[in-house]
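S.K.: Here is the input, now give the coordinates:
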Amino acid sequence: MIELSPIQTKFILHWGEMGTRWGINRTVAQIHALLYLSEEPLNAEQIAETLTVARSNVSNSLKELQGWGLIKNVHRLGDRRDHFESKKDMWEMARLITAERKRREFDPTVVVLRECIDEIDSTGGGSEYTRERVAATLKFIESATDVYEQLQSLPVETIMKVATTKKRLKSLIKSLTG
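M.R.: I've put the predicted structure just below:
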């Protein structure tokens, strides 16, 4: 079992709590936090013992984290067990999470909203007010998707420069709007 420091424990517990608020299983988030903090890749048994969770829960959680692209399988000479490590770059993780959430949440919503508008237009079913509300929602999601795609195409260094120049950006926005 890996001995966690009080700071590591605090981080892992909080990451698990935040995961539940983001719609992620607590154990999945805690495993991700443990791997993120770990200097060495860990195997499933080490993870299960350290977090005191069932081995089957660890296996399922690892598959989910691999599906998100947040962790990868690492092989070690002389050890047949799979070991896992997390991506360490927070910007890369944020991009992966955002891309996956867009794929799972926004993309299907755009399809349904377009279907709703098409049905209203072709059958005359639904009120004009309903059509306006659905169209406004679609426009918002498509606009948010456009912003997302523009940000995704920028190098991380550029995004970091924009993030660190927020004071100048606030001043610019104030001058444009005030």
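S.K.: Just give me the residue closest to the centre of this structure.
M.R.: By CA atoms, centre = their mean, the chain has its centre lying nearest to I97, at 2.4 Å.
S.K.: Now for the spatially closest residue to that residue that is not a sequence neighbour, how many residues are close by?
M.R.: Closest residue in space to I97, ignoring its immediate chain neighbours: W68 at 6.8 Å, by CB to CB, 6 or more residues apart in numbering. Using the backbone N, CA and C atoms, a C-beta is placed for each residue, glycine as well. Around W68 there are 18 other residues, counting by other CB atoms under 10 Å.
S.K.: can you map out the helices along this structure?
M.R.: 6-21, 26-37, 44-51, 55-68, 90-101, 107-123, 128-153, 156-164, 166-177 (DSSP state H).
S.K.: of all those, which lies closest to R81?
M.R.: helix 44-51 (7.3 Å; CB to CB).
S.K.: rewinding a little: need the winner for burial among the helices of the chain.
M.R.: Highest mean neighbour count of the helices of the chain: helix 26-37, a mean of 22 (counted as mean count of other CB atoms under 10 Å).
S.K.: helices or strands next to that helix in the packing?
M.R.: Contacts defined by 3 or more CB pairs under 8 Å, 6 or more residues apart in numbering; DSSP states H and E place helix 26-37 against helix 6-21, helix 44-51, helix 55-68, strand 79-86.
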